[in-house]
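>>> Fold the following.
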Amino acid sequence: MTQHFPTRQLRFFLTAPSPCPYLPERYERKVFAHLPLSDGATVNDSLTQVGFRRSQNIAYRPACEACSACVSARIPASDYVFSRSERKVLARNEDIERHLVEAEATMEQFDLLRRYLLARHADGGMAEMTWPDYVAMVEDTAVRTHLIEYRTKSPDGGPGELVACALVDLMSDGLSLVYSFYDPGMKRRSLGSFVILDHVVQACLTTLPYVYLGYWVRGSEKMDYKVRFSPIELLKAEGWAIMSSRDLRPKDELPRL
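From the prediction side, this is the model:
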């Protein structure tokens with residue numbers, strides 16, 4: 001199938017069924033397209049706004065035949081009101097400095113990623129990621145992307161300890177969190193939430209309306225954290241809409257294959 005974009009036509013492909021990484025006893029399929037090198041940023045913007053995600057130079061979204069549990073989610077930054085607990089998370093990490101760096105992989109980042117994956121996602125598909133895999137994830141793209149390194153302040157003025165990192169696409173209407181990871185031993189800091197909240201702050205400072213979080217998966221404990229942010233918008237058949245209580249259906253109501 002084809003879809004029209006400002007500068008060219010894209011060809012979309014469908015993957016074969018494979019075990020779902022989020023919900024047991026289910027299978028996933030994805031529709032995907034290769035982002036063009038010449039105008040990849042523009043195409044990536046358009047696709048993200050209609051529910052796609054980027055992985056290197058591929059844009060994809062779920063296309064499961066009998067399940068619609070994966071729902072695109074984004075935070076409307078300008079309307080966001082930080083809760084008391086979220087303000088505490090930001091305050092708890094006031095000693096952390098953010099550094100915007102080019103999308104170039106380092107072994108320091110990779111070491112942190114490995115610790116994160118082994119502690120939080122040891123049974124996931126990324127657990128066996130190698131150094132060349134990580135380099136490709138960060139550097140193999142033609143879109144507007146960068147890394148945010150979060151470091152503790154160093155008493156001698158040099159670079160502090162790397163405690164979190166986020167790969168982020170800069171879009172025309174927001175910031176898209178492609179992937180983030182953090183020190184799993186610093187539980188009190190709630191670094192996963194902090195990274196998201198910090199990007200809401202940065203979006204507001206740069207007058208970008210949205211922070212894209214990828215997919216919320218109904219029934220998946222690993223993805224439940226995304227709907228703790230409020231307000232949050234979900235992509236429905238009729239377009240983006242603020243999440244309502246009806247969106248939080250129990251997982252036993254989800255269709256099964």
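>>> could you list every residue that touches the closest residue to Val217 other than its chain neighbours?
Spatial nearest neighbour of Val217, excluding adjacent residues (Cβ to Cβ, 6 or more residues apart in numbering): Met223 at 4.1 Å. Every C-beta, even on glycine, is put in place using the N, C-alpha and C of the backbone. Shown in contact with Met223 (Cβ atoms under 8 Å, 6 or more residues apart in numbering): Tyr22, Tyr215, Trp216, Val217.
>>> residue boundaries of the helices in the stretch 101-250 of the chain?
107-120, 131-139, 191-205 (DSSP state H, counting those that start in this stretch).
>>> which residues sit against the second one?
Under the contact criterion Cβ under 8 Å, 6+ apart, helix 131-139 has outside partners 55-56, 103-105, 107, 109-110, 113, 129, 147, 167, 179.
>>> quick check, distance from that helix to the centre of its chain.
16 Å (Cα atoms, centre = their mean, to the nearest Å).
>>> Can you report how many residues lie near the nearest residue to Gln49 once chain neighbours are set aside?
Leaving out its chain neighbours, the residue that sits closest to Gln49 by Cβ to Cβ, 6+ apart is Asp173, at 7.0 Å. By the measure other Cβ atoms under 10 Å, the count of residues near Asp173 is 14.
>>> check contacts around Asp173.
Residues in contact with Asp173 (Cβ under 8 Å, 6+ apart) are Asp45, Gln49, Leu208, Pro209, Tyr210.
>>> do you know how far it is from Thr207?
From Asp173 over to Thr207 the distance is 10 Å, taken as Cβ to Cβ, to the nearest Å.
>>> and if you look at Gln56?
29 Å.
>>> Neighbour count: those two, which is higher?
Gln56 (16 against 8).
>>> and the gap between the more buried one and Ile242?
32 Å.
>>> again, but for Arg115
From Arg115 to Ile242 the distance is 36 Å (Cβ to Cβ).
>>> higher neighbour count, the two?
Arg115 (15 against 12).
>>> And for the more buried one, nearest residue in space, chain neighbours not counted?
In space, Arg115 is closest to Pro184, 6.2 Å off (Cβ to Cβ, 6+ apart).
>>> pretty sure that neighbour contacts Arg120?
Yes - if you go by Cβ atoms under 8 Å, Pro184 and Arg120 touch, sitting 5.7 Å apart.
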